[in-house]
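> my questions are about this predicted structure, shown below with the sequence.
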Amino acid sequence: MKTRYPISILSLLAVAVFTLTYQGNAQRTRPATVQSLQATSDKAGQHPATADITGPKTITCLNAASETPNGRPAPSCHIIAPGFRGNLNKGESASATGAGTVTLTCNGQGFLRCNARIT
């Protein structure tokens, strides 16, 4: 007994393959732009980092470290941005309210390094 595949089954298979591979005019949402800042402080003084932002953004202190063990105050990120001015501990976030310049400096004792992310 011969098995024959009718034309309609082959047509359905071709349509299914075309449907699975055709993406049409689909557009992916672009991920948010992320800016990274790194500032340091040494015997020569502060070495701030700056970034320009075009609107409201979230600023997160990713890391703040000192070569001085148990230094007081504990190392933190000092942020100056539109609508916010203050210190953020590691893992804390703040909101910038509009366009302008974000400045990161390190707060603490000794040689310092701090990192922040703007999203």
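Received it, and whenever you're ready, just let me know what you need. Residues are numbered from 1 along each chain as shown.

> how about the residue positioned nearest the centre of the chain, nearest residue that isn't a chain neighbour?
Centroid-nearest residue in the chain, with CA atoms, centre = their mean: Val34, separated by 3.8 Å. Nearest non-adjacent residue to Val34, counting by CB to CB, 6 or more residues apart in numbering: Thr119, 5.4 Å away. (Each C-beta comes from the backbone N, C-alpha and C, glycine too.)

> against which helices or strands is whichever helix or strand Cys61 is part of packed?
Assigned by DSSP states H and E, Cys61 falls within strand 57-66. Counting contacts by 3 or more CB pairs under 8 Å, 6 or more residues apart in numbering; DSSP states H and E, strand 57-66 is packed against strand 76-81, strand 84-88, strand 93-96, strand 100-107, strand 112-118.

> just to revisit the earlier point, give me the pLDDT for the residue nearest to Val34.
As predicted, Thr119 sits at a pLDDT of 95.

> distance of it from Lys57?
6 Å (CB to CB, to the nearest Å).

> neighbour count for those two, which is higher?
When neighbours are counted by other CB atoms under 10 Å, Thr119 and Lys57 differ, and Lys57 comes out ahead with 24 against 12.

> these two touch, right, the more buried one and Gly98?
No: with contacts counted by CB atoms under 8 Å, Lys57 stays clear of Gly98, the gap being 9.2 Å.
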